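Enquirer: predicted structure and sequence below. I'll ask about it afterward.
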Amino acid sequence: MSALRIDRVVTSGQFCLDGGCWDVDNNIWLVGDGAEVLVIDAAHDAAPIAAAVGNRKVTGVLCTHAHNDHITVAPELARRFGATILLHPDDDVLWRKTHPGVEYKPLHDGQRIPVAGTSLEVMHTPGHSPGSVCLYQPAKAALFSGDTLFQGGPGATGRSYSDFPTIIASISERLLTLPGEVQVHTGHGEGTSIGAEAPHLQEWIDRGH
């Protein structure tokens with residue numbers, strides 16, 4: 001078995017909700033080894049993601065949440081590689097806005113997603129959306145946070161199906177209890193660490209009021 005590795009692909013497109021659209025760059029994370037890989041957040045364009053996968057087996061196409069910019073090409077990649085789409089069912093209403101009629105396998109809190117001889121733990125972290133999840137890989141000290149936690153603060157909560165007190169609870173109770181050295185691989189932009197973000201929780205709370 002070859003060593004576990006984390007690859008990032010960046011694609012560009014639009015996030016659309018509540019009647020508006022915004023240009024965004026998204027991080028797609030590939031977690032695996034030389035033989036198999038899990039795709040996290042299949043955004044905008046399948047071609048560069050497929051190129052990064054190469055000839056590896058795709059064990060799943062996992063969605064940290066169901067905003068359109070994180071799931072754009074999930075069905076396309078799942079068909080191409082014969083893989084299963086994985087999503088927390090609390091985001092079903094958002095999923096149906098983009099992919100009505102396309103089925104997925106439901107995720108649940110505490111579930112372990114196997115890949116490359118290890119696994120990623122599903123952490124249900126609602127707030128940015130009802131079904132938002134983060135994925136924790138202790139051996140690599142890695143957290144894939146979707147749009148729940150960024151460098152400098154929590155994900156946005158100003159649109160439908162989001163809630164600021166809920167995301168603050170998810171971050172403080174679930175994420176900031178992880179070891180400080182854990183590297184946070186975010187859904188947009190550059191990453192951070194739990195240790196870098198933990199001291200700022202009260203600032204975020206004050207800013208949100």
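Expert: Structure received. Residues are numbered from 1 along each chain as shown.
Enquirer: all contacts plus neighbour counts: C-alpha atoms, from now on.
Expert: Will do.
Enquirer: on the pLDDT front, check residue 99 for me.
Expert: For residue 99, the pLDDT comes out at 98.
Enquirer: run a quick neighbour tally on it.
Expert: Under the neighbour criterion other Cα atoms under 10 Å, residue 99 is assigned a count of 17.
Enquirer: what's the neighbour count on the closest residue to residue 115 other than its chain neighbours?
Expert: Of all residues beyond its chain neighbours, the one nearest residue 115 is residue 32 (6.1 Å), with distances taken as Cα to Cα, 6 or more residues apart in numbering. Residue 32 has 27 neighbouring residues, counting by other Cα under 10 Å.
Enquirer: list the beta-bridge partners for residue 32.
Expert: The residues paired with residue 32 through beta bridges, assigned by DSSP bridges, are residue 5, residue 37.
Enquirer: surely it and residue 114 touch.
Expert: No - counting by Cα atoms under 8 Å, residue 32 sits too far from residue 114 to count as a contact (9.7 Å).
Enquirer: what residues are up against the residue nearest to residue 115?
Expert: 4-6, 38, 115-116 (Cα atoms under 8 Å, 6 or more residues apart in numbering).
Enquirer: so which of the residues you listed wins on neighbours?
Expert: Taking other Cα under 10 Å as the neighbour criterion, residue 38 ranks highest of the contacts of residue 32 with 25 neighbours.
Enquirer: wait, isn't that one in contact with residue 115?
Expert: Yes - in this structure, residue 38 sits in contact with residue 115. The criterion is Cα under 8 Å, and the distance is 6.6 Å.
Enquirer: overlap of the contact sets of these two?
Expert: Looking at what touches both residue 38 and residue 115 (by Cα under 8 Å, 6+ apart), the common residues are 31-32, 59.
Enquirer: buried residues of stretch 174-191, list them for me.
Expert: Neighbour counts over stretch 174-191 (16 or more other Cα atoms under 10 Å) mark 175-176, 178, 182-188, 191 as buried.
Enquirer: which one of the shared contacts of residue 38 and residue 115 sits closest to residue 157?
Expert: Within the set of the shared contacts of residue 38 and residue 115, residue 31 lies nearest residue 157; the separation is 27.7 Å, counting by Cα to Cα.
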